[in-house]
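Asker: Build me a structure from this.
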Amino acid sequence: MFGLVVKFVLKDEASAQGFDALVAETLPKIRQSEPGTLVYAVHEVDGEPLHRVFYEMYADRAAFEAHEEQPHVRRFLQERGQYLESFSVDFLSLRDAKGVTK
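Answerer: Numbers count the residues shown, from 1 in each chain. Next up, the predicted model:
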């Protein structure tokens, strides 16, 4: 398994609305066309209205690479910058879990 956490800080409320709309367009396509994407969870952070956290889990590194090549993901990656103040990515190696089989 291969996973990552992406932390986004958005510029302002208008940027948050635009970013959330972009996510809303992208996520259904991930659900429909990416069997190797096991979990793709988008979170708001309590008390931090301009913060978003994505938790992503893939069957393996190849599934992640396939995800990155999808047209809807490429569009998201190209357009997200206009909304962001900053972002960071942490890559994960699954040690143990409930709900995901290793």
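Asker: so what's the nearest residue to Phe91 once chain neighbours are set aside up against?
Answerer: Nearest non-adjacent residue to Phe91, counting by CB to CB, 6 or more residues apart in numbering: Leu4, 5.0 Å away. C-betas here are computed from N, CA, C, even on glycine. For Leu4, the contact set (CB atoms under 8 Å, 6 or more residues apart in numbering) comprises Phe54, Tyr55, Glu56, Phe64, Val89, Asp90, Phe91, Leu92.
Asker: what pairs with the last one across the strands?
Answerer: The reference is to Leu92. Gly3 (DSSP bridges).
Asker: Next up, the contacts around it.
Answerer: Per CB under 8 Å, 6+ apart, neighbours of Leu92: Phe2, Gly3, Leu4, Val5.
Asker: again, 10 Å this time
Answerer: Taking CB atoms under 10 Å, 6 or more residues apart in numbering as the criterion, Leu92 is in contact with Met1, Phe2, Gly3, Leu4, Val5, Tyr55, Glu56, Met57.
Asker: Can you say which two of these are spatially most distant?
Answerer: Among those, the pair separated by the greatest distance (CB to CB) is Met1 and Val5, at 13.9 Å.
Asker: Tell me which of the two has more neighbours.
Answerer: More neighbours surround Met1 than the other of Met1 and Val5, with 19 against 15 (other CB atoms under 10 Å).
Asker: where's the more buried one relative to His43, distance?
Answerer: 20 Å (CB to CB, to the nearest Å).
Asker: Many thanks, have a good one.
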